[in-house]
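Q: Sharing a model that was predicted from the sequence below.
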Amino acid sequence: MKRSLFFTALLGLALTASFAQTKLYDWKTASSGGYTYKYVTNDATGARFYQLKNGLTVILSTNKREPRIYAMMTTRAGAVNDPRTNTGLAHYLEHLMFKGTTNFGTTDYAKEKQLLTQIEDLYDQYGQTADTAARAAIYRKIDKMSNDAAKIAIANEYDKLMGAMGSQGTNAFTNYEYTSYIENIPTNALDRYLKVQSDRFQNPVFRIFHTELETVYEEKNISVDNDPRKANEALMGALFQKYHLNKSVLGDQEHLKNPNLRTIRKFYDTYYVSNNMALILVGDLNPDELMPKIEQTFAWMKPAPVAEYQPEAEPAITAPVVREVFGPTPDNVLMGFRMPGLRNSKAVLVSTIADEILSNSAAGLLDLNLNKQQKVQNSFSTITRSRDYSVWQMGGTPKAGQSLDEVRDLILGEIEKLKKGDFDDKIIKAIVNNFKLNQIRQYENNQGRVFGYMQAFSLNKGDSWKDNASNLDNLAKITKQDVMAFANQWLGQNYGIVYKRKGVDNNVLKMAKPPITPVSLNRDAQSDFLKTVNSSPMADIKPVFLDFKKDIKIDNIDKLEALYVKNTENALYNLAYRFDMGTWHNKLLPIAFQYLQFLGTDKYTAEQLSKEFYGLASTYNAFAANETTTVNVSGLQENFGKAIALLEHVMRNCKPDEKALEMLKARLTKQRNDAKLNKQAIMSGLRSYATYGSQNPFNNVLSNDEIKAITAQQLVDLLRGLFNYPHKIIYYGPAEMAAFKADMRQLHPQSNNGLNGLPGSKLFSKRATEKNEVLFAHYEMVQADISWIRNTESYNPALTPTISMFNEYFGGNMSSVVFQSLREAKALAYSTGALYMTPQKRGDKYTLMGFIGTQSDKVHDAMVGMNELLTELPQAQNMFELAQKSIKKSIETQRVQGADVIFSYLSAQDKGLDTDERKATYEAADRFTFEDVKKFHAQNLSAKPYTYCVVASDKKVKTEELQKYGELKTLTLEDIFGY
């Protein structure tokens with residue numbers, strides 16, 4: 001969502017001297033623990049900016065909320081630094097930085113190096129050879145030699161190192177201007193983290209390359225099936241002729257087909273140098289204790305001249321540049337205006353406000369005049385920023401019968417209002433207030449701080465951070481005249497526009513599957529480096545389990561149960577009303593909640609209500625799940641009374657609007673039809689069908705005729721009467737319990753006639769998986785998505801520790817058996833995994849769900865590969881011990897806080913528990929043996945029937961092939977969706 005991303009982006013703003021700062025927000029220098037650092041006065045994050053003698057930037061910030069640290073290594077190099085003749089290089093390198101070093105990931109590097117050098121030579125030949133037969137012969141040599149080298153390598157040892165120290169979220173990403181490597185580690189793992197990262201960036205070895213190459217191909221194939229990505233790339237191509245934003249980060253297919261390891265190494269040598277990199281750590285840390293360790297660990301790094309990317313000037317755009325793309329998803333239009341980048345501070349500030357005036361998901365011009373008035377199916381506005389250019393994107397989806405040009409014209413009409421100043425002056429103050437709210441939330445979060453520092457470093461090595469504390473003040477200085485002047489300067493006929501049309505894309509080219517022999521994984525092998533790191537001491541961190549009797553205050557407010565946890569950290573609150581009824585009880589609930597946003601009351605119009613909530617920096621939403629309904633409202637405690645009173649007024653006094661309902665029905669019909677064009681929705685429907693049968697929660701929806709028959713009064717009566725059903729009041733905020741109760745008695749009065757009984761529910765039970773079945777749904781795409789579904793026994797809390805252990809070992813992460821076997825060894829997928837899923841309620845069955853997304857010509861190999869793992873559980877004692885450690889360290893450092901304490905309690909109640917179920921898992925972890933997991937696998941999964949769910953093109957996947965795996969059912973979209 002645009003709103004949640006705002007503050008992270010704003011943290012990277014660069015403000016020039018034209019915005020004079022008060023002395024409250026100056027850079028200062030201080031010394032502590034023998035190290036000098038810079039800091040910004042009154043910086044709420046307390047960030048310290050160090051620079052080592054070799055030029056490495058170190059940014060540290062302390063946050064004691066939990067005993068974990070969010071860690072990032074980042075370099076100021078990305079896709080803009082790719083050679084034009086070798087795009088995708090930065091992204092290739094990102095993948096290879098997970099393959100180990102001269103010290104880990106290998107059993108004998110000296111021997112391995114000889115083979116790796118020969119493989120590099122072969123890739124040189126491969127890239128210089130044009131003849132197809134000759135290239136194939138060279139690749140066969142690469143494949144054979146890579147297999148020989150893999151017998152010496154140890155796959156995924158980096159992930160094993162990080163997993164053993166309790167790291168979570170191991171990942172990396174390549175942007176146009178930076179590449180970043182992230183970990184979320186326990187506080188007591190800092191020494192290990194530093195040692196591993198130091199070696200990782202000092203001695204990287206690009207091994208097991210040809211299977212990783214296939215993974216990148218898979219990622220590229222996924223992108224060509226992604227219509228929004230295609231549209232965005234087409235827009236960038238329309239706006240930029242010279243700047244690298246017109247090229248995909250993944251690279252051009254022709255370049256990807258001719259990878260060159262020596263060119264990748266040159267990129268690493270050029271940009272992965274100390275003066276171009278930063279180490280960023282945020283969390284439970286002590287900077288004075290940490291800095292000597294960082295300096296000692298990274299002293300090896302050397303600075304080197306790094307040329308700043310200098311873009312060529314783009315030619316002016318004097319008329320709309322039109323592009324067109326095709327794909328299976330619904331029609332939509334995407335527009336973009338080229339604007340100044342982050343280096344132009346005034347433009348960034350004004351455009352930030354202008355963008356929010358246009359669209360803020362609540363009270364912007366698009367929100368009120370197009371979305372709320374249902375003139376389009378939906379519309380949006382957002383800004384993508386880079387150092388030198390920004391792109392202000394607007395787009396929308398047409399209603400049924402509406403053309404893309406009509407959507408374009410409606411959006412352009414709202415832009416004209418922006419240019420003419422046809423908006424409420426008060427909205428600027430409301431925008432800043434909402435940003436303040438977002439800032440509080442952002443500062444709570446280690447990850448949010450890290451990404452803010454990273455963007456500041458990417459822009460100008462962190463210099464812009466000094467202005468972060470005053471960004472909100474500077475935004476508040478922006479005037480209506482500033483916005484109008486900016487809009488008139490930059491929003492003319494100088495835009496690119498992409499018409500995304502539903503249809504066959506005849507230009508789609510799939511990255512062909514090269515012949516690959518599965519490589520050896522050496523699961524039981526361990527490098528000496530890993531043994532040394534894993535044997536290094538780590539201070540104990542004691543787990544903290546919830547004690548529901550102590551951590552939650554439970555009381556009654558008249559006839560309703562109230563659950564209370566005090567917020568001692570900031571001035572934010574979250575209030576929820578939770579009902580034990582949902583769509584299984586009443587299919588109208590989600591439609592009523594959609595209708596509510598278009599309704600006024602006897603006091604306010606729908607537009608005024610949106611403005612009122614936005615002006616209070618408060619948000620509310622209502623959501624109906626299968627068996628529960630939740631109404632949420634959140635914001636600043638100082639506005640608690642006003643926000644709750646407004647919510648109560650809306651719910652109890654909403655007025656029927658026949659015109660709004662008729663438009664909603666038309667949009668619902670299109671929304672439902674559009675869902676049938678979404679492959680993720682189709683797969684969700686197949687999984688529900690496999691789990692519950694032909695009548696299932698996914699297709700438990702109103703028919704088209706039932707939607708047509710809905711009346712406005714029917715929905716309004718449901719909304720007005722909702723609070724008359726039994727529900728719980730859930731509060732997390734800074735108010736004392738007594739004051740909260742007193743407020744709620746006034747704000748949320750109960751009917752004198754008592755509460756209504758809950759309506760009856762249509763119950764769905766998971767069916768027994770008794771035979772192999774294949775559920776197939778056609779979808780025109782290059783890829784194929786496959787899920788495995790098997791329902792097993794009913795919920796038993798005694799199994800929770802075993803299931804946690806099984807999931808960690810088998811398929812829950814990148815160190816798991818499934819990921820290593822299917823992606824790392826066989827290069828069958830970009831994404832794959834498997835989980836034995838615990839039901840949410842006592843009495844429900846467990847479900848095994850596996851998944852693999854693969855190329856359509858690999859479907860058979862992928863299904864065989866997963867079935868082998870489900871039939872025979874591979875044994876790797878080192879991996880098993882790693883899974884044990886990972887579970888324990890995760891629980892030791894996990895802190896359930898805030899409103900999550902209450903929702904954990906409610907989840908436990910649904911399962912018939914009155915204690916924190918993590919405690920049993922933690923206490924049992926050390927007692928587990930591989931035989932325990934193997935027995936569980938054999939009893940529940942091995943040689944058992946499964947339902948396979950396959951979404952693919954029937955032109956690329958043959959039904960006779962699928963029939964080999966079970967009775968084939970080709971489902972229609974009506975079978976899946978219920979309409």
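A: Structure received.

Q: Could you pull up the residues touching E324?
A: Going by C-beta atoms under 8 Å, 6 or more residues apart in numbering, E324 touches A234, V498, Y499, R501. No exception for glycine: its C-beta is placed from N, CA and C like everyone else's.

Q: Name only those of those that count as buried.
A: A234, V498, Y499, R501 (16 or more other C-beta atoms under 10 Å).

Q: Using CSV, please lay out the residues you listed together with secondary structure.
A: Compiled in CSV, the buried ones among the contacts of E324 are given as follows (DSSP: H, G, I helix; E, B strand; the rest coil):
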residue, secondary structure
A234, helix
V498, strand
Y499, strand
R501, strand
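
Q: how about the residues you listed in CSV, adding distance to A347?
A: As requested, those are exported to CSV (distance: C-beta to C-beta, whole Å):
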residue, distance to A347
A234, 25
V498, 24
Y499, 28
R501, 33
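
Q: Any chance of JSON lines for these, columns distance to M162 and pLDDT?
A: Converted to JSON lines, the buried ones among the contacts of E324 look like this (distance: C-beta to C-beta, whole Å; pLDDT from 0 to 100):
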{"residue": "A234", "distance to M162": "38", "pLDDT": "96"}
{"residue": "V498", "distance to M162": "40", "pLDDT": "98"}
{"residue": "Y499", "distance to M162": "45", "pLDDT": "98"}
{"residue": "R501", "distance to M162": "44", "pLDDT": "97"}
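
Q: Now the two most distant members of these.
A: A234 and R501 (11.8 Å; C-beta to C-beta).

Q: and for these two, which residues touch both?
A: Shared contacts of A234 and R501, counting by C-beta under 8 Å, 6+ apart, come down to E324, V325.

Q: Measure how buried the closest residue to A155 other than its chain neighbours is and give me the count.
A: Excluding the flanking residues, the one nearest A155 by C-beta to C-beta, 6 or more residues apart in numbering is L521, at 4.5 Å. Around L521 sit 22 other residues, with neighbours defined as other C-beta atoms under 10 Å.

Q: same question, P83
A: Once other C-beta under 10 Å is used to define contacts, P83 is seen to have 11 neighbours.

Q: Please look at it and K247 and confirm they touch.
A: No: P83 lies out of contact with K247 (C-beta atoms under 8 Å); the separation is 11.0 Å.

Q: Show me the strands in the stretch 351-500 of the chain, by range?
A: 378-385, 389-397, 495-502 (DSSP state E, counting those that start in this stretch).

Q: Next: the stretch 501-650 of the chain.
A: Using DSSP E, counting those that start in this stretch, strands in the stretch 501-650 of the chain cover 553-557, 560-566, 572-579, 619-624, 629-636.

Q: Select, out of the ones you listed, the one closest to K429.
A: strand 629-636 (14.2 Å).

Q: Sheet partners, orientation included, of that closest one?
A: Using DSSP bridges, strand 629-636 pairs in its sheet with strand 572-579 (antiparallel), strand 619-624 (antiparallel).

Q: would you put the C-alpha positions of it in CSV?
A: Output of strand 629-636 as CSV, limited to C-alpha atoms (Å, rounded to 0.1, in the frame of the first residue of the first chain):
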residue,chain,number,x,y,z
THR,A,629,-16.0,-10.3,11.7
THR,A,630,-13.8,-7.5,12.9
VAL,A,631,-14.3,-3.7,12.9
ASN,A,632,-11.1,-1.8,13.5
VAL,A,633,-10.3,1.8,14.2
SER,A,634,-6.9,3.2,15.0
GLY,A,635,-5.0,6.5,15.4
LEU,A,636,-3.7,8.9,18.0
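
Q: Give the buried residues for stretch 760-776.
A: By neighbour count on 16+ other C-beta under 10 Å, the buried set for stretch 760-776 is F764, K766, R767, T769, E773, V774, L775, F776.

Q: can you tell me the average pLDDT over that stretch?
A: For stretch 760-776, mean pLDDT is 96.

Q: Endpoint to endpoint, it covers what distance?
A: The first residue of stretch 760-776 is 34 Å away from its last residue (C-alpha to C-alpha, to the nearest Å).

Q: part of a strand, is A130?
A: No: under three-state DSSP, A130 falls outside any strand and is assigned coil.

Q: where does it land on pLDDT?
A: Model confidence at A130, given as pLDDT, is 91.

Q: how close does it get to L213?
A: 19 Å (C-beta to C-beta, to the nearest Å).

Q: where does the stretch 651-800 of the chain dip in pLDDT?
A: For the stretch 651-800 of the chain, no stretch has pLDDT under 70.

Q: ok, back up a step: now render the strands of the stretch 501-650 of the chain as a markdown table, adding distance to Q310, mean pLDDT and mean neighbour count.
A: Formatted as a markdown table, the strands of the stretch 501-650 of the chain follow (distance: least, C-beta to C-beta, whole Å; pLDDT from 0 to 100; neighbours: other C-beta atoms under 10 Å):
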| stretch | distance to Q310 | mean pLDDT | mean neighbour count |
| --- | --- | --- | --- |
| strand 553-557 | 61 | 97 | 14 |
| strand 560-566 | 53 | 98 | 18 |
| strand 572-579 | 44 | 98 | 20 |
| strand 619-624 | 43 | 96 | 18 |
| strand 629-636 | 45 | 97 | 21 |
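
Q: For H860, find the nearest of these.
A: Between H860 and these, the shortest separation by C-beta to C-beta is 40.5 Å, and it involves strand 619-624.

Q: what packs against the one helix or strand T691 maps to?
A: For T691, the host element (DSSP states H and E) is helix 679-692. Here helix 679-692 touches strand 773-778, strand 783-794, strand 947-952, helix 973-977, going by 3 or more C-beta pairs under 8 Å, 6 or more residues apart in numbering; DSSP states H and E.

Q: Just the angle for the third one relative to strand 773-778, thanks.
A: Relative orientation of strand 947-952 with respect to strand 773-778: 20 degrees, computed using axes from the mean of the first three to the mean of the last three C-alpha atoms, to 10 degrees.

Q: contacting residues around the helix holding T691?
A: Contact partners of helix 679-692, identified using C-beta under 8 Å, 6+ apart, comprise 225, 328, 675-676, 696-699, 764-767, 773, 775, 777, 779, 781, 785, 787, 789, 791, 847, 849, 947, 949-951, 971, 973, 975-977.

Q: so it versus strand 773-778, what angle?
A: Using the same axes, to 10 degrees: helix 679-692 against strand 773-778 is 160 degrees.
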